[in-house]
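Enquirer: everything below, folded, please.
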Amino acid sequence: MKILILPGDDIGPEIMKPTQKALIKLNDKFALGMEFEEKTIGFKALETEGTTLPDHVLESAKSADGVVLGPIGTFKYPPQEAGGINISAALRMSLDLYANIRPSFTRPGVASVASQMDLVIVRENTEGFYADRTMFAGTGEFMPTEDLAMSLRKITRQGSRRIAVAAFDLARTRRKKVTIVHKANVLKVTDGLFLSVAREVANDYPDVAVDDVIVDAMAALLIRRPESFDVIVATNMFGDILSDEAAELSGGLGLGGSINASAERAIAQAAHGSAPDIAGQGIANPAALMSSAAMLMGWLAQKNGSNALAQASESFVQAIDTALANPANQTPDLGGAGSTESFGDAVVAEINR
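Expert: Okay, the predicted model is just below:
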C-alpha cells in the first residue's frame with residue numbers, strides 16, 4: 001500500500017514530520033504494509049522544476065493508495081502561466097475528489113467556544129463559486145473591462161446528487177440527520193437545483209431525518225446551537241466557510257482535519273492554511289494534519305475491508321485526543337506552551353501504549 005507524502009509550504013514540512021512519524025509507528029504496530037513515498041511540491045518545486053505541481057507528482061498521486069498533503073501557500077503563488085498551480089484544486093479536479101469531509105467536535109481538556117458539538121460538514125469539492133473549477137477551458141472569473149469583474153458559478157445535477165449521497169450515507173453511520181445548506185431564496189436557479197436534488201436523494205433514505213437551512217441562518221445557528229447538527233451538506237464555498245467556523249467553535253483551525261475523497265481515492269489535508277507568519281518557529285499545531293491522516297486510514301479501512309487499518313485509525317484518533325487533553329502538550333494556538341515536536345512525540349507515545 002503506497003502512501004504519498006507531500007509536505008507543502010511554510011509550516012507544512014514542520015507538521016508533516018510528526019504526522020509521518022506517527023504513521024510509521026502505526027504501520028509497524030498494526031503490520032499495515034504501508035510504503036511511504038515523499039515528493040516535493042509548492043515553492044520548493046517551483047524553484048527546482050518551474051512549477052508548484054510537477055507532472056510526475058500528479059502521476060504519483062494518481063497511482064498512490066492514499067495521499068497526505070501538507071498546507072500550501074497558494075495565495076502567494078505566481079500566475080499559473082508562471083508555474084503557480086493551485087495544488088489543492090489540481091489534485092481535487094484531476095482525481096475527481098468531489099467530497100470534502102470535515103468533522104468538528106469538542107474534546108475534553110480543549111477550550112472551545114461551543115460547549116458541545118459533534119458534526120461533520122460534507123462539502124462539494126469540484127464546482128460552485130470556485131473560478132478554477134467552473135470551466136472546461138479558462139476560468140469562471142473574468143474582467144470584460146478594467147472596471148468590471150465577473151464570476152460564474154457552476155452547479156450540476158450530477159455534482160449535487162453525488163455529494164448528497166455521500167452526506168446521507170455518512171449520516172447512516174452517525175445520528176441519522178442531514179441538514180442541507182443553501183441560498184435558494186436568492187440563488188434560485190443554482191442553489192435551487194442543489195436543494196431540489198438533495199431533497200430527491202433524501203427520499204431514498206427514509207431512515208434519515210432531513211431539514212434545510214439558509215446559509216446565513218446556518219452561520220448563526222452554528223454559534224447558537226451547534227449540538228443540534230449531525231451531518232451538514234453544502235456547496236463548495238458555503239461548505240468551506242462554515243467548516244472553518246465550526247473548527248473555530250471546536251477549539252481552532254489547528255484541530256480541523258479533513259479528507260478529500262471519491263469512491264476510489266482520498267487525500268488527507270488539514271483544513272487550515274500554511275501559516276507563513278509562524279513558519280520555522282516549531283510551534284505549529286500538527287493535530288489537524290494528524291487527524292486528517294487518521295481519517296485517511298479510516299477511509300482506506302472501509303474501502304479495503306481492513307480491520308487492521310480500522311484499529312490503527314481508531315488508535316491514532318485516541319492518541320491525538322489524549323495528547324490534546326493534557327495542557328502540557330497543547331501548542332500556543334490552544335493556549336499552551338508545547339511545540340510541534342513535543343505534541344507529535346506525545347501522540348507517538350500514546351500509540352505505543
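
Enquirer: start and end of stretch 126-136, how far apart?
Expert: Length of stretch 126-136, first residue to last, Cα to Cα, to the nearest Å: 12 Å.

Enquirer: how far out from the middle of the chain is it?
Expert: Chain-centre distance of stretch 126-136: 18 Å, with Cα atoms, centre = their mean, to the nearest Å.

Enquirer: model confidence over it, on average?
Expert: The pLDDT scores in stretch 126-136 average 77.

Enquirer: just stretch 265-284 next, same as before
Expert: Per-residue scores along stretch 265-284 average to 96.

Enquirer: could you dump it to PDB, C-alpha only?
Expert: Extracted C-alpha coordinates of stretch 265-284, given in PDB (Å, rounded to 0.1, in the frame of the first residue of the first chain):
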ATOM      1  CA  ARG A 265      -9.200   7.800  -4.000                       C
ATOM      2  CA  ALA A 266      -8.700  10.000  -1.000                       C
ATOM      3  CA  ILE A 267      -6.300  12.700   0.200                       C
ATOM      4  CA  ALA A 268      -5.700  13.800   3.800                       C
ATOM      5  CA  GLN A 269      -5.400  17.500   4.100                       C
ATOM      6  CA  ALA A 270      -5.700  19.800   7.100                       C
ATOM      7  CA  ALA A 271      -8.500  22.500   6.800                       C
ATOM      8  CA  HIS A 272      -6.100  25.300   7.700                       C
ATOM      9  CA  GLY A 273      -3.500  27.200   5.600                       C
ATOM     10  CA  SER A 274       0.200  27.300   5.600                       C
ATOM     11  CA  ALA A 275       0.600  29.900   8.300                       C
ATOM     12  CA  PRO A 276       3.800  31.700   7.000                       C
ATOM     13  CA  ASP A 277       3.700  34.000  10.000                       C
ATOM     14  CA  ILE A 278       4.800  31.200  12.300                       C
ATOM     15  CA  ALA A 279       6.800  29.000   9.900                       C
ATOM     16  CA  GLY A 280      10.100  27.900  11.200                       C
ATOM     17  CA  GLN A 281       9.200  28.600  14.900                       C
ATOM     18  CA  GLY A 282       8.300  25.000  15.800                       C
ATOM     19  CA  ILE A 283       5.000  26.000  17.300                       C
ATOM     20  CA  ALA A 284       2.500  25.000  14.700                       C
END
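
Enquirer: Ala31: neighbour count?
Expert: Per other Cβ atoms under 10 Å, the neighbour tally for Ala31 reads 9. For every residue, glycine as well, the C-beta is placed using N, CA and C.

Enquirer: which non-adjacent residue is nearest it?
Expert: Nearest residue to Ala31, sequence neighbours excluded (Cβ to Cβ, 6 or more residues apart in numbering): Ala308, at 6.6 Å.

Enquirer: number of residues surrounding the one you found?
Expert: With other Cβ under 10 Å as criterion, Ala308 counts 16.
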